[in-house]
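> A predicted structure for the sequence below; I have some questions about it.
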Amino acid sequence: MEDKNRIGIKVKNMRETRNLSLEELAERAHLKVEGIQKIEKGEMIPGLTPLIKIARVLGVRLGTFLDDQQNIGPVITGKDEKKSITRFSDRDNPDHADLNFYSLALNKSGRHMEPFMIDIFPSSEEDYKLSSHEGEEFIYVVQGEVEILYGKDTYILTEGMSIYYDSIVEHHVHAHGSESAKILAVVYAPF
C-alpha cells in the first residue's frame, strides 16, 4: 500500500465494502463529495475532523485508518523507534501538512483513545479554519509553544502545560509564532 495514500485507500476500500457511494458517504458525513474523492485518491491530506466523521459513518474507530495489524495485548513504543507518520492538514495541498501524527498505540485493537506525538509546523495562515467533532482531547506541550483557538477563546500553552477540552466546540491547534512545536495528544472520539 502506498504510504502517501494509505488512509485514502482504506477509506475507499471500507466505503466500497459497505456498498456506499461517494455521494452517500458525503451526505451521511456532512462532507463534500469532492473532498472525499480527493482523500481517496491521495490528492488531499485529510483533516482530523473529516476523518472522524468518515469513521463514524463507516462504523469504525479512527485508528482503523492508521493500523495495518491488530494486537490484543499491550502496545509498547520506544522513544527511538521509527513510528508511522500520518499527516493531517486543513489545506487542499497534499504535499504540505500542518501536523505530523505519530501513533503511540499503532495496531492496538479495540482502543477507545488515540494517543499521538504530534509535530506542529508553523503556518502562514492567519485565518484558521476551526473544526469540531464528537469527543474529547487532551494536549500536553512537550516542546515549543502552541496556540489553541477554542470557541471564542484563545489559549497559549508553553512547554509543560496541558489542556483538556470537549472537541464538539470548534477549535484549532497550531504552532504559536514561527517555530515548530511538539505535543502529546490523546483524542477520544466515541464510536
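Thanks, I have the structure now. Numbering: from 1, shown residues only.

> Give me the phi and psi for residue 121.
Residue 121 adopts backbone torsions of phi -100, psi 150, taken as degrees, to the nearest 10.

> What of residue 163?
When read as degrees, to the nearest 10, the backbone of residue 163 gives phi -150, psi 140.

> Please pull out the lowest mean pLDDT helix or strand from the chain.
Least confident helix or strand, the chain: strand 85-88 with a mean of 58, by mean pLDDT, DSSP states H and E.

> Which helix or strand lies directly C-terminal to that one?
strand 99-103 (DSSP states H and E).

> Could you list the paired strands of that following strand along with their orientation?
Strand pairing for strand 99-103, determined by DSSP bridges: strand 85-88 (antiparallel), strand 113-120 (antiparallel).

> show me where the protein has helices.
Taking DSSP state H as the criterion, the chain carries its helices at 6-17, 22-29, 33-41, 48-58.

> Now do the first one, average pLDDT.
Here the mean pLDDT over helix 6-17 is 89, rounded to a whole number.

> again with stretch 153-166
97.

> Pull out the buried residues from that stretch.
Residues 155, 157, 163, 165 are the ones in stretch 153-166 that count as buried (16 or more other C-beta atoms under 10 Å). Using the backbone N, CA and C atoms, a C-beta is placed for each residue, glycine as well.

> what's around the closest residue to the third one other than its chain neighbours, how many residues?
Distances taken as C-beta to C-beta, 6 or more residues apart in numbering put residue 139 closest to residue 163, at 5.2 Å, once the chain neighbours are dropped. Other residues near residue 139 come to 22 when the count uses other C-beta atoms under 10 Å.

> Please name the residues that touch residue 139.
146, 148, 157, 162-164, 173, 183-185 (C-beta atoms under 8 Å, 6 or more residues apart in numbering).

> what mean pLDDT does stretch 118-132 have?
pLDDT averaged over stretch 118-132 gives 82.

> Show me the domain layout of this structure.
Domain assignment for the chain, taken from automatic domain parsing, gives 3-65, 85-188.

> can you tell which of those domains is closest to residue 75?
Checking these against residue 75 by C-beta to C-beta gives domain 85-188 as the closest, at 4.3 Å.

> can you give me how far that closest one is from the chain middle?
Between the centre of domain 85-188 and the centre of its chain there are 8 Å (C-alpha atoms, centre = their mean, to the nearest Å).

> swap in stretch 57-66?
So, by C-alpha atoms, centre = their mean, the centroid of stretch 57-66 is 11 Å from its chain's centroid.

> How much space separates the residue lying closest to residue 28 once chain neighbours are set aside from residue 189?
Excluding its sequence neighbours, the residue lying closest to residue 28 (C-beta to C-beta, 6+ apart) is residue 57, at 4.4 Å. Per C-beta to C-beta, to the nearest Å, residue 57 is found 13 Å from residue 189.
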